[in-house]
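> Here is a sequence together with a model predicted from it:
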Amino acid sequence: MNKASLGKVAVALSILTFLSSCATVTRGTKEALVIETEPSGASVTLNVEGEGSSRFCTTPCSVLLPRKHSVRVKIEKEGYKTVDTTVVSAVCGAGAAGMAGNVIVGGIIGAGVDVATGATKCFNPNPLKVTLEPVK
């Protein structure tokens with residue numbers, strides 16, 4: 001086999017691997033996490049597990065985050081108790097369905113891509129709804 005033929009085979013395998021990862025293609029690797037508080041106007045700090053940086057927003061807000069890891073959420077508002085919680089990243093129905101289709105069509109390589117990218121996961125709860133408790 002000559003170099004041109006090898007190149008074509010490599011490109012074809014790369015495309016097949018990408019397309020066979022059904023959940024990664026259909027769902028993506030990120031999800032919008034929605035945070036709502038009563039009362040609104042609370043400051044939110046988000047820390048994705050495995051990342052060194054924080055993201056910030058003011059409620060109500062929506063932040064696009066990688067599905068692969070759980071998220072630590074800290075909610076603060078003057079005159080109210082601080083809330084620290086975790087939004088869990090776990091395999092969900094839509095992600096499992098995408099992966100099942102992948103096993104049928106794309107085989108083990110595509111399923112591996114879906115698992116590695118976190119495309120089979122969803123945030124729970126989403127939206128995160130919190131009623132802030134006044135400081136006494």
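That came through fine. Residues are numbered from 1 along each chain as shown.
> got the residue ranges for the strands in this structure?
Along the chain, the stretches classed as strands by DSSP state E are 30-38, 43-48, 54-58, 61-66, 71-76, 83-91, 121-124, 128-131.
> Which one of the ones you listed has the poorest average confidence?
Note on the strands of the chain: strand 121-124 shows the lowest mean pLDDT, a mean of 89.
> Name the strands paired with that strand and say parallel or antiparallel.
strand 83-91 (antiparallel) (DSSP bridges).
> Could you list which residues are in contact with the residue lying closest to residue 80 once chain neighbours are set aside?
Excluding the flanking residues, the one nearest residue 80 by CB to CB, 6 or more residues apart in numbering is residue 132, at 4.0 Å. To be clear about C-beta, it is placed using only N, CA and C from the backbone, and glycine gets the same treatment. Shown in contact with residue 132 (CB atoms under 8 Å, 6 or more residues apart in numbering): 37, 38, 39, 42, 75, 77, 80, 81, 83.
> ok, how many other residues are close to the first one?
Residue neighbour count, defined by other CB atoms under 10 Å, stands at 22 for residue 37.
> and stretch 71-83, which residues are buried?
In terms of neighbour count (16 or more other CB atoms under 10 Å), stretch 71-83 has its buried residues at 71, 73, 74, 75, 77, 80, 83.
> Next one: residue 68 relative to residue 90, how far apart?
11 Å (CB to CB, to the nearest Å).
> who touches both of these two?
Joint contacts of residue 68 and residue 90 (CB under 8 Å, 6+ apart) are residue 121.
> And the two? Which one has more around it.
Per other CB under 10 Å, whichever of residue 68 and residue 90 has more neighbours is residue 68, with 18 against 12.
> What pLDDT is listed against the more buried one?
Residue 68 is assigned 87 on the pLDDT scale.
> from what I can see it touches residue 122, true?
No - using CB atoms under 8 Å, residue 68 is not in contact with residue 122; the gap is 11.2 Å.
> which residues are in contact with both of the two?
residue 89.
> Could you identify the most distant pair in the buried residues of stretch 71-83?
Pairwise distances across the buried residues of stretch 71-83 (CB to CB) peak at 20.8 Å, for the pair 71 and 80.
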